[in-house]
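A.B. asks: Got a sequence here, can you build the structure:
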Amino acid sequence: MSPSMLAIVLSSLVFVVLVSAAPTSLTLKRAFPNHGMNLSQLRAMDMKRHGRILQASVVNFPVYGTADPIAAGLYYTSVHLGSPPREFHVTIDTGSDMSWVNCVSCNGCPQTSNLRIKLNYFDPESSSTSSVIPCSHHKCAICSTNNHCSFKVQYEDGGETSGYIISDLMHVADISEGLVAPNSSVPLVFGCSNMRTGRLTSYESALDGIFGFGKDDTSLISQLYSQGKAPRVFSHCLKGDTSGGGILVIGEVVEPNMSYTPLIPKHVLSIFDIFPPISLNFANHASMVLRSQDYLIHSPTFYGGLWCLGFHKTQDITILGDIILKDKIIVYDLASQQIGWTNYNCSLPVNVSAPSSGKGRNEKGGASLCDRPEKLTMVILAFITHMILILI
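C.D. replies: Below is the predicted model of the structure:
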């Protein structure tokens, strides 16, 4: 017998010996010994284990809607509230903190929506886990006559809603990075809206409510964080194509090319802090730098008080009016066919170049407009006629 054949025979004999010596059964041991615990104790231990998994998980919300103003013009998500759970479509609002949905007997709530979704109304009486927050709650700011903690929210677009505050379960539909059951739920304090006014009464882009993702304690993200259910960070990615949708997760999306800027506390911000200076660039490298207060116009009667951009673009030219030209000296040099400007406190007198004859010049080589009322009138008339420029 050749050496190679002998090696094959010996290997086969070793395999037969190992197989014949193997046990005919396997012993299974519990990874989590119950030590004689009953079913209720096992369930409690399982819920505690699920809570630890949920704490390290990333909560994923569905995203609907598109940027197309004809199809939707906004993005929104859906949440499941109450017991048994009911689905509600809500706006994703990163600029507010209060979360609320329509409730039964709502005054001003739209009945239909052009988004082709069925509008629902939350009924606290039909939910076995619902409870009304009383006025005695330590965070209650507004109290109604029936001892219910109330809320009222006004939005920048003129919409307003009010109602009372309740607590119920929010059912998390999808959690990744953990083996949590799809029906996991967390307690949530939110508003039960029974009044809508302004733009919130329109059927256009109407939804069941608004969920606030702001920084205050009442926001959705802050409530989940305070319970140890999710991190205090969320991310979204909204699809810009016609299909719409996107991603909304409570967790930080890790990408190498992220750019960050600090969040400034809103109590130190004014409208003029938010908008940056704008530079209007002309020929000969001349620039007119406009502060935000130079081009923002406050309209207190339009949509509850909006700030508008003070620019008027026509087909061929751009008109710069009095609002933009304030707090500047504007020189219209028709003889040299040029125009000049500089920032100036217009409550102070100015020096004006005198005619070649030298009449009217003061000791410093200029004539004060305070001494020459006819010149002042001429400049004011020129200022009121507006300044029409072709931007280059």
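A.B. asks: Helices along this protein, start to end?
C.D. replies: Taking DSSP state H, the helices of the chain run over residues 3-21, 39-55, 220-226, 271-274, 292-295, 322-325, 373-384.
A.B. asks: Which strands and helices lie in contact with the fourth one?
C.D. replies: Packing partners of helix 271-274 (3 or more Cβ pairs under 8 Å, 6 or more residues apart in numbering; DSSP states H and E): helix 292-295. Quick note: C-beta positions are derived from backbone N, CA and C, even for glycine.
A.B. asks: With only the CA atoms kept, save the helix it packs on in PDB.
C.D. replies: The C-alpha trace of helix 292-295 is given here as PDB (Å, rounded to 0.1, in the frame of the first residue of the first chain):
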ATOM      1  CA  SER A 292     -30.100  93.000   8.600                       C
ATOM      2  CA  GLN A 293     -32.000  96.000  10.000                       C
ATOM      3  CA  ASP A 294     -31.300  97.700   6.600                       C
ATOM      4  CA  TYR A 295     -33.300  95.200   4.500                       C
END
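A.B. asks: residues in contact with that helix?
C.D. replies: 271-278, 309-311, 323-324, 326-327 (Cβ atoms under 8 Å, 6 or more residues apart in numbering).
A.B. asks: before we move on, what about stretch 215-235?
C.D. replies: Against stretch 215-235 from outside (Cβ under 8 Å, 6+ apart): 51, 54-55, 57-59, 96-99, 139, 186-189, 211-214, 247-253, 263.
A.B. asks: Let's see that with 6 Å instead.
C.D. replies: Here stretch 215-235 makes contact (Cβ atoms under 6 Å, 6 or more residues apart in numbering) with 54-55, 59, 97-99, 186, 211-213, 249-253.
A.B. asks: beta partners for the nearest residue to residue 328 once chain neighbours are set aside?
C.D. replies: In space, and not counting its chain neighbours, residue 328 is closest to residue 341: 5.0 Å by Cβ to Cβ, 6 or more residues apart in numbering. Beta bridges link residue 341 to residue 330, judged by DSSP bridges.
A.B. asks: Report the separation between residue 341 and residue 136.
C.D. replies: 62 Å (Cβ to Cβ, to the nearest Å).
A.B. asks: which one of these two has more residues nearby?
C.D. replies: residue 341 (15 against 9; other Cβ atoms under 10 Å).
A.B. asks: pretty sure that one contacts residue 326?
C.D. replies: No: applying Cβ atoms under 6 Å, one finds residue 341 not in contact with residue 326, separated by 11.4 Å.
A.B. asks: for the stretch 151-300 of the chain, which spans come out with low pLDDT?
C.D. replies: 173-183, 265-269 (pLDDT under 70).
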